[in-house]
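Q: Take this sequence and fold it.
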Amino acid sequence: MKPGTELALAHDRIADNFGTYLIDSNIAHGEQALALAEQYGPDTLQVWIGSRLVEVLYAKGELWRSMQLAYRAEQYYLSLGDSVALIDMHNAMGNNLKRQGAWEQAIGYYRPNVRAAARFGKLDMQAFAYMNLGECYLVLNMLDSALRNEELAEALMARIGLNYQGTPFTLLGRIHARFGHRERALAYFRQGVVTTLAQRGEARELPQAYNGLANELKTQGRFDSAIFFAKKGYQLAARIPVILEEERGAALLADCYAQQGRLDSAYRYQKLLSDVKDSIEVNAGLIDARSLSAQVEAASDSLKSAAQLREVELKREVEVQRERTRRNIFLFAGLGVLAFSVVVFRQRNRIKKEHQRSEELLLNILPEEVAEELKAKGHADAKHFDNATILFTDFKGFTEASEKLSPQELVEELNTCFKAFDGIITARGIEKIKTIGDAYMCAGGLPVPASSTPAGVVQAALEMQAFMVARKKERDALGKPAFEMRVGIHTGPVVAGIVGVKKFAYDIWGDTVNTASRMESSGEVGQVNISEATYALVKNETGLTFTSRGKVQAKGKGEMEMYFVDKT
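A: Residues are numbered from 1 along each chain as shown. Sure thing, here's the model as predicted:
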């Protein structure tokens, strides 16, 4: 290994040890490591060091530099075809766009990450993608989508034991606050603070939890309590530093003091907010003090007379004064604009609310790709899929159970089961088609063929059966009727599209659908029954065992090879 390469790795190790508590030292050593890697090291080392810097620069607020390194890494991984490494970079690029307010563009990076992460088994990155999507949809006021994604993130993190402090709870608090669920929102914000403190992880997650709680208290008019927590968030963020939360804390304090009529304090935090904004290196027009100092030092080496040096210093003083004047103008204007902007923001949200609600309803009815095509063209074309994996479920004893339950209890129990199924298939990129009475139908491999696999559909079916077994034990213990279930799966060609003009729905057709239904009706309670076609695609999957049933008579199909599948 070349000495320059060894030195680059040494600087990178030193940088990593500083963490986010001494972030400036981390960045200084990281940039030095990157410069040495660019001079002496291979492309792999340059990208590796640059990738580590992406997150640190983002935390400091140096978004342009962070995005520059992320883009370089993305191009490198694309050239290698390294889809797994691209998941991390796309998450980082989404974070940068999100911080700059480009919410739709950020969704464009997070949304593919859900499927890619599920495909490659990176469940932690899948959880982060759900969490970040929830935040984007929240800002865009698409509250149902925001809540759905955050709940999926929380459930997935709990399932895999992922420790990400209180961030999911804080975001859930913000979503419920927008729904108007004040007490529930406060409970989530408090849980975010308590969880972060209890886990004693990176303190940089704590300012976000404090600021989230402060913002909800401010919304409820509890300004003294809001100020108490906002100060904690601001002071901790400034000390670590986490400059993005420092900015948010200063804005909260300025707003709370202004609402109380304490204009001196409001002015003080508005000024601090302006200072924090100036330190974020997003706007290329901001004056860089390091650059100015370098200009003066260079001038002192090359200029021979004191008069010439003084001229350079005067120019610098003029530039600094201009920047100070510009900042003060915005500072005084800020307090006046503060109240006005709140009114405008609320009015704009009311205007957009119905349109966004329509968008969410459309996405709840149709797959996202189909909905986009429908909006763009006014119609969606039917499409043929060569290898879709269709799953059917049906409850045994549904009629008997319905006689023992009230209509409300029956619907609630169905809803509990189907909601659990929704969560299971969504986590694996499987598309829900419809429910028919007590039957549930979904399909893998469409509308995007790479979104899921036949093995993923089989695993989802096993998770559904596991849920139903656990649910039956719970209800048996309470002396209440419980459902048992058959599941059938078949793989083959289908046609998918939209039918009707009123209450239209996304549906699939073909003999594959009929065969999958026969797999379900020919199965047994508690089992997952698969066809020979599906078996051929999943038989080599690790973690699955198969029991051949031989040829079984299927209504309208004659004798067909079938297999029961279970986990090893």
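Q: Could I get the CA-only coordinates of stretch 456-464 as PDB?
A: This file holds the C-alpha atoms of stretch 456-464, laid out as PDB (Å, rounded to 0.1, in the frame of the first residue of the first chain):
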ATOM      1  CA  GLY A 456     -41.500 -13.200  -1.500                       C
ATOM      2  CA  VAL A 457     -45.200 -14.000  -2.100                       C
ATOM      3  CA  VAL A 458     -44.700 -17.500  -0.500                       C
ATOM      4  CA  GLN A 459     -43.000 -15.900   2.500                       C
ATOM      5  CA  ALA A 460     -45.900 -13.400   2.800                       C
ATOM      6  CA  ALA A 461     -48.400 -16.200   2.700                       C
ATOM      7  CA  LEU A 462     -46.500 -18.000   5.600                       C
ATOM      8  CA  GLU A 463     -46.500 -14.800   7.600                       C
ATOM      9  CA  MET A 464     -50.300 -14.400   7.000                       C
END
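Q: Give me the residues contacting the host helix or strand of E561.
A: Using DSSP states H and E, E561 sits within strand 558-567. Residues from elsewhere that reach strand 558-567, judged by Cβ atoms under 8 Å, 6 or more residues apart in numbering: 458, 461-462, 515, 518-519, 522-524, 527-532, 535, 538, 543-554. C-beta coordinates here come from the backbone N, C-alpha and C atoms, glycine included.
Q: Okay, now the sheet partners of it, with direction.
A: strand 528-531 (antiparallel), strand 544-554 (antiparallel) (DSSP bridges).
Q: Pull the distance from the first one to the chain's centre.
A: Going back to what we said before, that points to strand 528-531. Computed by Cα atoms, centre = their mean, to the nearest Å, the chain-centroid distance of strand 528-531 equals 34 Å.
Q: Could I get the contacting residues of F546?
A: 535, 539, 563-566.
Q: Can you add pLDDT and neighbour count and give the residues you listed back as TSV?
A: What follows is the contacts of F546, written out as TSV (pLDDT from 0 to 100; neighbours: other Cβ atoms under 10 Å):
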residue	pLDDT	neighbour count
Y535	96	19
K539	93	13
Y563	96	22
F564	96	16
V565	96	23
D566	93	14
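Q: just these now: which is nearest V114?
A: V565 (25.7 Å; Cβ to Cβ).
Q: Quick check: bridge partners of that closest one?
A: Counting by DSSP bridges, the residues bridging with V565 are V528, F546.
Q: And it, how close does it get to Y535?
A: As judged by Cβ to Cβ, to the nearest Å, V565 and Y535 stand 8 Å apart.
Q: Show me where this protein has its strands.
A: Along the chain, the stretches classed as strands by DSSP state E are 383-396, 431-436, 439-444, 484-499, 505-509, 528-531, 544-554, 558-567.
Q: And these: which comes nearest A85?
A: That would be, of those and by Cβ to Cβ, strand 439-444, which comes in at 25.5 Å.
Q: The closest one pairs with which strands, and in what direction?
A: In its sheet, and by DSSP bridges, strand 439-444 pairs with strand 383-396 (antiparallel), strand 431-436 (antiparallel).
Q: now the ones you listed in TSV, with distance to R159 and mean neighbour count?
A: Converted to TSV, the strands paired with strand 439-444 look like this (distance: least, Cβ to Cβ, whole Å; neighbours: other Cβ atoms under 10 Å):
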stretch	distance to R159	mean neighbour count
strand 383-396	21	22
strand 431-436	20	16
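Q: Would you mind putting those into CSV with distance to F418 and mean pLDDT alongside?
A: Output for those, formatted as CSV (distance: least, Cβ to Cβ, whole Å; pLDDT from 0 to 100):
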stretch, distance to F418, mean pLDDT
strand 383-396, 9, 93
strand 431-436, 6, 90
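Q: In a markdown table, list those along with distance to V276.
A: What follows is those, written out as a markdown table (distance: least, Cβ to Cβ, whole Å):
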| stretch | distance to V276 |
| --- | --- |
| strand 383-396 | 50 |
| strand 431-436 | 45 |
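Q: which stretch among those comes nearest A226?
A: strand 431-436 (40.9 Å).
Q: Determine how far the closest one lies from the middle of the whole chain.
A: Averaging C-alpha positions (Cα atoms, centre = their mean) puts strand 431-436 25 Å from its chain's average.
Q: try stretch 151-162
A: 12 Å.
Q: hey, C-alpha coordinates of it in PDB?
A: In PDB, the C-alpha atoms belonging to stretch 151-162 read as follows (Å, rounded to 0.1, in the frame of the first residue of the first chain):
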ATOM      1  CA  GLU A 151     -46.600   3.200  10.700                       C
ATOM      2  CA  LEU A 152     -44.800   0.800   8.300                       C
ATOM      3  CA  ALA A 153     -41.400   2.300   9.400                       C
ATOM      4  CA  GLU A 154     -42.200   1.900  13.100                       C
ATOM      5  CA  ALA A 155     -43.500  -1.700  12.600                       C
ATOM      6  CA  LEU A 156     -40.500  -2.700  10.500                       C
ATOM      7  CA  MET A 157     -38.000  -1.200  13.000                       C
ATOM      8  CA  ALA A 158     -39.700  -3.000  15.900                       C
ATOM      9  CA  ARG A 159     -39.600  -6.300  13.900                       C
ATOM     10  CA  ILE A 160     -35.900  -6.100  13.100                       C
ATOM     11  CA  GLY A 161     -34.800  -4.500  16.400                       C
ATOM     12  CA  LEU A 162     -33.500  -1.400  14.700                       C
END
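Q: among the strands paired with strand 558-567, which is nearest K383?
A: Distance to K383, taken as Cβ to Cβ, is lowest for strand 528-531 among the strands paired with strand 558-567, at 22.7 Å.
Q: Go ahead and name everything in contact with that closest one.
A: Residues from elsewhere that reach strand 528-531 (Cβ under 8 Å, 6+ apart): 458, 461-462, 465, 486-491, 515-516, 519-520, 522-523, 538, 549, 560-566.
Q: my read: E245 touches K232, true?
A: No - at 10.9 Å, E245 does not count as touching K232 under the criterion of Cβ atoms under 8 Å.
Q: Show me which of these two is the more surrounded one.
A: E245 (26 against 19; other Cβ atoms under 10 Å).
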